[in-house]
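**Q** Prediction below, plus the sequence it came from.
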Amino acid sequence: MISGSSRLPLLHPDELLPVVKQIVKLFLINGFALDGSVEMTLLPRGSGNSNGIQLSITLISPSNLWSGKALQSLRMNPTNDFILKTVESMVTKLGYNVLSSSVKYTKTEELSILTIV
């Protein structure tokens, strides 16, 4: 069992992408969305001494699309961004630090962006 304060060794970014894709696949298998994809971009070295990673997760017709769009239209911060919360928790457990996260809704998609180091 992993306690909240312990950290697993960092995965190399090449190992991280398949893990995040598997999480998306689990959401799809359980009927949360019709389809989904994950893209990873390595960001240039900033003021810190390690490169950042940007994960972009796109869900097509997720089950929370209507409520997410409604909250977004009211300029409220959605709290039903379940895939983002799941991936954010996982990368934190793996020892990464979350720099920023955001979620946007379009007519048929949920786009979650997570920047980590």
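**A** Looks like it arrived, so ask away. Numbering: from 1, shown residues only.
**Q** hey, let's count contacts and neighbours off CA atoms from now on
**A** Noted.
**Q** In space, what's closest to the most centrally placed residue in the chain - neighbours in sequence excluded?
**A** For the chain, L84 is the residue whose C-alpha lies nearest the centre (Cα atoms, centre = their mean; 3.9 Å). Excluding its sequence neighbours, the residue lying closest to L84 (Cα to Cα, 6 or more residues apart in numbering) is S112, at 6.1 Å.
**Q** Show me what whichever strand or helix holds that neighbour is packed against.
**A** Here S112 sits within strand 109-116, counting by DSSP states H and E. In terms of contacts (3 or more Cα pairs under 8 Å, 6 or more residues apart in numbering; DSSP states H and E), strand 109-116 is packed against strand 52-60, helix 82-93, strand 98-105.
**Q** Could you point out which of these sits nearest R75?
**A** Nearest of these to R75, taken as Cα to Cα: strand 98-105 at 11.1 Å.
**Q** tilt between the helix or strand bottoming out on mean pLDDT in the chain and strand 98-105?
**A** When each helix and strand of the chain is scored by mean pLDDT, DSSP states H and E, helix 65-73 comes last, with a mean of 91. Here the directions of helix 65-73 and strand 98-105 differ by 110 degrees (axes from the mean of the first three to the mean of the last three Cα atoms, to 10 degrees).
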